[in-house]
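# Next come a sequence and a model predicted from it.
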Amino acid sequence: MDNFTAGELLEREANLKNSKLVIRGGKRLEGEIYVHGAKNSALPILAGVVLCQGESVLHNCPRLSDADAACRILNCLGCKCSRAGDSVVINSADLINYDVPSDLMREMRSSIVFLGAIIGRMGRCKLSFPGGCELGPRPIDLHLSSLRKMGVDINEEHGFLDCSAEKGLKGAVISLAFPSVGATENIILAAVRAKGHTEIHNAAREPEIVDLASFLNKCGAKIKGAGDGTIYIEGVEKLEGAEHSVIPDRIVTATYMCCAAITRGEVVLKKTDYRQMSAIVPVFEQMGCSVYTYSDDTIYINARKSLKAPGTLRTMVYPGFPTDAQPMMMALASTLTGTTVFVETIFDNRFRHTDELCRLGAKISVEGTVAVVEGVQKLSAAQVHSTDLRGGAALVTAALFAKGVTNISNLYHIDRGYANIEADLRGLGADIMRV
Ligand code: UD1
C-alpha cells in the first residue's frame, strides 16, 4: 500500500504543472474502455468518513489529484489514509484537528463539503472561504444559511470561516432556494449526527447525492429520500466505518462518448451506468449515433455515420443535461453539420473553453450565457491550454478530430477529474502522448 507522503504528492503536482498532452488527430476510436469511479461521489464520501469512528474502505475511488487533496485533508484532521489501486482505506477513529489549512482549501473548491462533516463530528470547524473559481463566483450562502438553521454559529472574518455548535447540532427543516449539490451534501453530512429530524426540501437529486446517502446509511445513518426532491434524516449518536464502492463517473462516460462520436468511432464503455445517462443518450441519438446498452453497466456507441447538430442544449440540474458535459459536447458540436445553441443555466462563466476551441478552428460565438456553434468540416491543430477541468476535456475531444498535432497545456485541470485520460484514449487507438 502506498501512503500519501507530502513530498511525493508535491513532486507529482510539479510534474503535472509542466506536462502537456500531444495529440495527432484523425484516428477513429474503436474498442472497449473502463470508466472509473465518480469524482463528485468520492469527494463527499471521503468527507463523510470524518463522521465515522472506525475504518472505512472505499473501492472504485479514482486516482485523481482532487481525491489526493481530500486524503490530505483527512490526514490533517488526524485520519490515517492509505491507497491500494482504486481502494482507499481510512481510519477515522481519532481526530485531532478541526481546521483545514487554506492551501488545501484553495486546491480543491469542493473541500467546502468537509464543513458539514467536521462540524458534525467535532462541533467546531475552521476553514478558509473557498472563494471564486474558473467557472465564476461560487457562493456558499445556501451552505451557511442551512448550517446556521441547524445551530451552527458562523463567523466570517478575513476570508476565514470559524464555525462552532457549542450546544450541538440540531435537526431543522430546510428549503433550498436552488437545489445546490454541495449545499445538499453539507446539510446531509451535518444532519446525520445532529439531534432530531432534518428535512431538505428542493434538495439536489444527482446520483452522487444518492451515493453519499447510501455510504452513510451503511455506516449507520438514517437517511431517506435521497434522489428525490425531499430528503429526510433522523440524527443518530454514532456512525461506524463501512465498505463502499463509488458509483461510475457519468461525466467521464459522457466525455468518452463525445470522443467516440467526434472521431466517428465505435466504442463500448464498461463499468459505467446507463441509467444515469438519460439526458445525454438522446442527444447522441439525435445527432445520428446509435447508442445501446447490453446491461446497465455497459454502453455501446456507434458514430460511423454522418452526424448532424442536435439543436438547442440547455444545461439543467439532474436529471437534466449536466453542465459538466457541456464543454465536451460543444467540442463535438463544432464538427457537426448545422448549428447547435448551448444555453448555460447553472454557472455564469462556463464558456471559457470556447476561445481555445476557436483556436482549433471551431466557429463559436458567445453572448452572455448562450453560445452558438456553427459546425465546421475541419479543425486544425494548435497550441491550446486547459481553462478548467471540463474545458480541458473539451480540448482533448476536439484535438482527436483536428488535423495535425495539438499540444494541450495546464493538464493539472484535467487530472483533477480524469485518472488516466491518455492511456484510456490510446487504448482506443488515439495518437496521444503526455510529455
Ligand atoms: C457540483 C459539482 C460540479 C457541478 C455542479 C453542478 C462537485 C464536487 N461538483 O458543484 O462538478 O458542475 O455541482 O452540477 O460535486 N450556488 C449558490 N449558492 C450556494 C451554492 C450554490 O448560489 O450556496 C449556485 C452556484 O453558484 C452555481 C449553482 O448554484 O451557480 C450550482 O452550484 P452547486 O449545485 O452548489 O454546485 P457545486 O456543488 O459547487
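Nice, thanks for sending it over.

# Setting aside sequence neighbours, what's the nearest residue to the spatially most central residue of the chain?
Ranked by distance to the mean C-alpha position of the chain (Cα atoms, centre = their mean), the top residue is residue 40 at 3.8 Å. Spatial nearest neighbour of residue 40, excluding adjacent residues (Cβ to Cβ, 6 or more residues apart in numbering): residue 208 at 4.5 Å. Using the backbone N, CA and C atoms, a C-beta is placed for each residue, glycine as well.

# Make sure I have this right: that neighbour is in a helix.
Yes - Residue 208: assigned to a helix according to DSSP: H, G, I helix; E, B strand; the rest coil.

# can I assume it is in contact with residue 44?
Yes - under the criterion of Cβ atoms under 8 Å, residue 208 makes contact with residue 44 at 6.9 Å.

# out of those two, which sits in the busier spot?
Neighbours were counted for residue 208 and for residue 44 using other Cβ atoms under 10 Å; residue 44 has more, 29 against 26.

# from memory the residue nearest to the centre of the chain sits against residue 209, does it?
No - look at residue 40 against residue 209 with Cβ under 8 Å: they stay out of range, at 9.6 Å.

# who touches both of the two?
Shared contacts of residue 40 and residue 209 (Cβ atoms under 8 Å, 6 or more residues apart in numbering): residue 181.

# about what we covered before: confidence score at the residue nearest to the centre of the chain?
pLDDT recorded at residue 40 is 97.

# and if you look at residue 306?
Per-residue pLDDT puts residue 306 at 89.

# can you tell me which residues contact residue 374?
Counted by Cβ under 8 Å, 6+ apart, residue 374 has contacts 339, 363-364.

# Around the ligand, which positions in the stretch 151-300 of the chain sit nearby?
Proximity of the stretch 151-300 of the chain to the ligand (Cβ under 6 Å from any ligand atom) is limited to residues 178, 180-183, 208.

# gap between residue 171 and residue 23?
52 Å (Cβ to Cβ, to the nearest Å).

# before we move on, back to that, please list which of the contacts of residue 374 also come close to the ligand.
Counting by Cβ under 6 Å from any ligand atom, no member of these reaches the ligand.

# Nearest to the ligand within the stretch 151-300 of the chain, name that residue for me.
Using Cβ to the nearest ligand atom, the closest approach of the stretch 151-300 of the chain to the ligand is made by residue 182 at 2.9 Å.

# Give the full set of residues in contact with that residue.
110, 112-113, 140, 143.

# Let's verify it: helix, strand, or coil?
Residue 182 ends up helix, using three-state DSSP.

# Would you check how far apart it and residue 268 are?
Distance of residue 182 to residue 268, given as Cβ to Cβ: 33 Å.

# that older thread, could you export the residues of the stretch 151-300 of the chain next to the ligand to JSON lines, including columns for pLDDT?
JSON lines is the format used below for those (pLDDT from 0 to 100):
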{"residue": "178", "pLDDT": "97"}
{"residue": "180", "pLDDT": "98"}
{"residue": "181", "pLDDT": "98"}
{"residue": "182", "pLDDT": "96"}
{"residue": "183", "pLDDT": "98"}
{"residue": "208", "pLDDT": "98"}
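
# so can I have CSV of those showing distance to residue 120?
As requested, those are arranged in CSV below (distance: Cβ to Cβ, whole Å):
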residue, distance to residue 120
178, 23
180, 18
181, 18
182, 15
183, 15
208, 19
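
# so which of the contacts of residue 182 comes closest to the ligand?
Checking the contacts of residue 182 one by one against the ligand (Cβ to the nearest ligand atom), the nearest turns out to be residue 110, at 3.6 Å.

# from what I can see, that closest one looks like it's in a helix, true?
Yes - assessed by three-state DSSP, residue 110 belongs to a helix.

# what's the spacing between it and residue 343?
25 Å.

# With neighbour numbers in mind, choose between the two.
Between residue 110 and residue 343, counted using other Cβ under 10 Å, residue 110 has the larger neighbour count: 21 against 15.

# sorry, back to before: which ones among the contacts of residue 182 come in contact with the ligand?
Answer for the contacts of residue 182 near the ligand (Cβ under 6 Å from any ligand atom): 110, 140, 143.

# ok, the second one touching residue 110?
No - with contact taken as Cβ under 8 Å, residue 140 and residue 110 are classed as non-touching, separated by 10.8 Å.

# hmm, back to that, just send the ones next to the ligand among the contacts of residue 182 back as TSV, with pLDDT too.
TSV is the format used below for these (pLDDT from 0 to 100):
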residue	pLDDT
110	85
140	92
143	96
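
# Can you add distance to residue 321 and give those residues back as a markdown table?
A markdown table is the format used below for these (distance: Cβ to Cβ, whole Å):
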| residue | distance to residue 321 |
| --- | --- |
| 110 | 21 |
| 140 | 25 |
| 143 | 25 |
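
# Which of those residues sits closest to residue 80?
Lowest distance from residue 80 to those (Cβ to Cβ) belongs to residue 110, with 22.3 Å.

# Contacts only, for that closest one.
Listed by Cβ under 8 Å, 6+ apart, the contact set of residue 110 reads 40, 43-44, 66, 182.

# do residue 210 as well
If you count contacts by Cβ under 8 Å, 6+ apart, residue 210 has them with 226-227, 247.

# Using JSON lines, lay out the residues you listed together with pLDDT.
As requested, the contacts of residue 210 are exported to JSON lines (pLDDT from 0 to 100):
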{"residue": "226", "pLDDT": "98"}
{"residue": "227", "pLDDT": "97"}
{"residue": "247", "pLDDT": "98"}
